[in-house]
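*Asks:* Here is a sequence together with a model predicted from it:
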Amino acid sequence: MQTSVKDRVFNLIPPAMIAMVLAFWAFGPKALVGHPWALSVTSPLIVIVVLLLELVGERHAGWRMNKREFFTDLYYSVLSATIIFWLTEKLADDPLKAAKAALGIKTDWVLQMPWLMQVMLAIFLLEFGQYWMHRLMHNWTPFWLTHAPHHHITQLNAAKGAVGNPIELFLISLSVLAVFDFDPTALFAAFNTMGVISVFAHANVRSDPPIWYSFFFTTIRHHSLHHSIYYENTRCNYGNSLILLDRIFGTYKEGEGVLVGQDDRKRLSIREQTLFPFQPIIDKMKTRKMASRNGGELAANDQGEPAATA
Ligand SMILES: [Zn+2]
Ligand SMILES: [Zn+2]
């Protein structure tokens, strides 16, 4: 099959965007990269750019954005950037920093490293943790119940990475980064690089990056297979951005998913996604309530009706 010029250009957009992100944080004007709001602008900007690319280079018509999906995605994007971000800082990062100070741990060696090496180290640390957390979620029921809502999504787009149960969003954001002394711009470059990769890995964009990219980084082909309706295909490709980890740890699988979702592709509402991990307990309580009500009625009937035989 002949590749059109448009396809060839689209295939190069993910690596080109990574190069732009790295160039921005490495060489951008101090006033911009040093601004406290810089990361809060660049992160959503990446999602917006890729959402716009979906309009001009769609992968599957069945994944096309609509009003209902848009507002669900927006809700989770805001939730992640506010409450989840705050909780991660207060419950995980701040205690880690305090423990580091109390124990007198020094990690100045990180700051001595070349800038690009710092970016790579940050990506590796984040991805290593996320890979095992994601794999655990697929293998242990209490954690799976928090991750299942993300697998109930029935279509993919650039913003879908943010959609999931709030407990999952918190768990997946945990990392050991707070222990290390990074140049802040290297850390932000790492966040945005992973952002570009994982946004494209969920995006409805007809872009299949070059083989050297997909050897290291997760693409939509890898991740759509992970979202497949076929259970055995979901048990692979756990890497959020570094598919290399799946290759190393033996969970890599080649292929692509088009029909995504699970349990007869049942789409969950935000309320159902939020309550999902507690649903077994809620159901059990409901059954118990019904049983005791029925039992009460039976007891009332027993009392009201005369015994047939003595
Ligand atoms: Zn998963
Ligand atoms: Zn996903």
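*Replies:* Now that the structure is in, tell me what you want to look at. Numbers count the residues shown, from 1 in each chain. Ligands and ions are numbered 1, 2, ... in the order given.

*Asks:* hey, let's count contacts and neighbours off CA atoms from now on
*Replies:* Fine.

*Asks:* Sketch out the low-pLDDT regions of the stretch 151-300 of the chain for me.
*Replies:* Within the stretch 151-300 of the chain, the ranges that satisfy pLDDT under 70 run 296-300.

*Asks:* 90 instead, please
*Replies:* Low-confidence segments of the stretch 151-300 of the chain, defined by pLDDT under 90: 264, 289-300.

*Asks:* all helices of it, in order?
*Replies:* For the stretch 151-300 of the chain, the helices defined by DSSP state H, counting those that start in this stretch occupy 166-172, 184-200, 211-216, 220-226, 231-234, 244-249, 270-275, 279-304.

*Asks:* Please work out which of these is packed deepest.
*Replies:* Burial of the helices of the stretch 151-300 of the chain is given as mean neighbour count (mean count of other Cα atoms under 10 Å); helix 220-226 ranks first at a mean of 25.

*Asks:* send the alpha carbons of that one over as PDB?
*Replies:* Extracted in PDB, the C-alpha atoms of helix 220-226 (Å, rounded to 0.1, in the frame of the first residue of the first chain):
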ATOM      1  CA  ILE A 220      -1.900   4.000  19.600                       C
ATOM      2  CA  ARG A 221      -1.400   0.600  18.100                       C
ATOM      3  CA  HIS A 222       0.000  -0.800  21.300                       C
ATOM      4  CA  HIS A 223      -2.400   1.000  23.600                       C
ATOM      5  CA  SER A 224      -5.600   0.400  21.600                       C
ATOM      6  CA  LEU A 225      -4.800  -3.300  21.800                       C
ATOM      7  CA  HIS A 226      -4.600  -2.900  25.600                       C
END
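
*Asks:* Determine the set of other helices and strands touching it.
*Replies:* Helices and strands touching helix 220-226, by 3 or more Cα pairs under 8 Å, 6 or more residues apart in numbering; DSSP states H and E, are helix 231-234.

*Asks:* and for the helix it packs on, what are the contacting residues?
*Replies:* For helix 231-234, the external contacting residues (Cα atoms under 8 Å, 6 or more residues apart in numbering) are L225, H226, H227, S228, K253.

*Asks:* With distance to Y238 added, can I get the residues you listed in a markdown table?
*Replies:* Converted to a markdown table, those look like this (distance: Cα to Cα, whole Å):
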| residue | distance to Y238 |
| --- | --- |
| L225 | 10 |
| H226 | 7 |
| H227 | 10 |
| S228 | 13 |
| K253 | 10 |
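
*Asks:* ok so, going back, and the helices of the stretch 151-300 of the chain: which comes nearest P44?
*Replies:* Smallest distance to P44 across the helices of the stretch 151-300 of the chain (Cα to Cα): 9.2 Å, for helix 184-200.

*Asks:* Could you list every helix and strand in contact with the closest one?
*Replies:* In terms of contacts (3+ Cα pairs under 8 Å, 6+ apart), helix 184-200 is packed against helix 5-27, helix 38-56, helix 115-137.

*Asks:* Any chance of those in JSON lines with distance to R293 and mean neighbour count as columns?
*Replies:* Converted to JSON lines, those look like this (distance: least, Cα to Cα, whole Å; neighbours: other Cα atoms under 10 Å):
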{"stretch": "helix 5-27", "distance to R293": "59", "mean neighbour count": "16"}
{"stretch": "helix 38-56", "distance to R293": "51", "mean neighbour count": "16"}
{"stretch": "helix 115-137", "distance to R293": "37", "mean neighbour count": "19"}
